[in-house]
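K.L.:
From the sequence below, what's the structure:
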Amino acid sequence: MMRSMTGFAAATVDDDRGTLSVTIRAVNHRFLDLQLRLPTSLAELEPRVRTLLQKSLARGRVELQATLQPRAAAAPTVELNEGFVEAVTSAIEVARAAGLVQGTLTPGDLLRLPQALSIRERPSEPESGAGWAETMDTVLSRAVTALDEMRTREGTLLRADLAGRKAALATLIGQVVAAAETGRQQLESRLLERAREMSATLPIDQASLAQEVVRAAQRSDIAEEVTRFRAHLEHWDALSDGDEPCGRKLDFLLQEMNREINTIGSKADGLQVSEHIIDVKAELERMREQVQNVE
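P.N.:
Predicted structure coming up:
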């Protein structure tokens with residue numbers, strides 16, 4: 001099955017402890033390049049996350065970001081501003097001595113004085129990364145599944161496009177063969193005509209001459225290269241229909257086909273051969289660009 005290397009996916013798990021979210025972005029890359037960004041509280045899970053991704057992905061630059069929002073309630077803290085309370089107490093004593101107030105300073109009085117007490121929320125201690133391991137497995141599995149579905153959909157489109165281009169290559173190589181055969185026949189005719197012109201003034205063994213003409217024409221024989229080229233086209237189907245990632249193998253196969261067509265171009269004779277060779281090379285280059293997207 002052919003898969004693309006590009007894709008995006010996100011997944012979230014929400015429970016009574018908090019919310020764990022994961023986003024994955026994947027783009028083309030020659031090898032598997034994992035870039036992980038985890039919160040500090042989950043840093044110890046990085047080897048686990050990396051291993052899980054390596055089991056599911058073969059190629060591409062993959063960027064993963066995880067966020068964690070704990071739901072644990074904050075613990076309040078109350079601090080007494082002793083200096084302020086002492087100053088207020090001293091002032092009250094002076095006022096009492098002057099007969100201006102009666103009674104003592106009560107807790108209720110302190111609550112009515114904003115400067116007397118400081119009430120803050122102290123965040124509770126977050127759960128360790130190990131405690132989130134199973135939840136991370138779940139959310140990561142969901143994200144990877146979504147990413148795989150997206151990459152598979154794009155891979156189906158890539159496969160259809162490449163299959164069409166491969167069919168075009170089969171037609172083009174047939175045109176190269178036909179043009180080369182015409183060129184070979186024309187070469188033999190030119191050589192024989194030239195030999196007849198020379199034989200008018202020089203004694204020439206006609207049987208030996210005919211053999212030399214045939215050998216000269218055989219130097220432009222491309223049957224072996226064409227056979228290998230067509231074998232590569234058949235191998236293409238086996239790779240693209242297989243279960244294993246095939247991008248790198250298809251890229252290598254295109255290199256081999258390009259090598260064969262270069263050899264064919266250097267050996268074959270004929271006015272139209274070069275034109276067809278250019279068409280084949282152009283199609284191979286388009287396929288190579290598409291294969292860069294295949295996992």
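
K.L.:
got the residue ranges for the helices in this structure?
P.N.:
In the chain, the helices defined using DSSP state H lie at 46-56, 82-97, 107-111, 133-199, 206-218, 223-240, 247-267, 273-291.

K.L.:
Tell me which of those lies nearest to residue 30.
P.N.:
In terms of CB to CB, the element of the helices of the chain nearest to residue 30 is helix 247-267, at 8.0 Å. Backbone N, C-alpha and C define where each C-beta goes, glycine included.

K.L.:
Can you flag the weakest of the helices of the chain by average pLDDT?
P.N.:
Note on these: helix 206-218 shows the lowest mean pLDDT, a mean of 64.

K.L.:
Okay, the closest residue to residue 235 other than its chain neighbours and residue 233: tell me how far apart.
P.N.:
Leaving aside its sequence neighbours, residue 235 sits nearest to residue 253 (CB to CB, 6 or more residues apart in numbering; 6.3 Å). Spatial separation of residue 253 from residue 233 under the definition CB to CB, to the nearest Å is 9 Å.

K.L.:
So for the two, which sits in the more crowded spot?
P.N.:
Higher neighbour count among residue 253 and residue 233: residue 253, with 19 against 15, using other CB atoms under 10 Å.

K.L.:
what's the distance between stretch 284-295 and the middle of its chain?
P.N.:
How far stretch 284-295 lies from its chain's middle: 13 Å, per CA atoms, centre = their mean, to the nearest Å.

K.L.:
Can you report how many residues lie near residue 30?
P.N.:
By other CB under 10 Å, 13 other residues sit near residue 30.

K.L.:
Now do the same contact list for the residue nearest to it when sequence neighbours are not counted.
P.N.:
Once flanking residues are discounted, residue 30 sits nearest to residue 59: 7.3 Å by CB to CB, 6+ apart. For residue 59, the contact set (CB atoms under 8 Å, 6 or more residues apart in numbering) comprises 5, 29, 30, 31, 32, 245, 247, 248, 295.

K.L.:
How about the contacts made by residue 117?
P.N.:
When contacts are counted by CB under 8 Å, 6+ apart, residue 117 touches 78, 79, 80, 81, 110, 111.

K.L.:
Cheers, nothing more for now.
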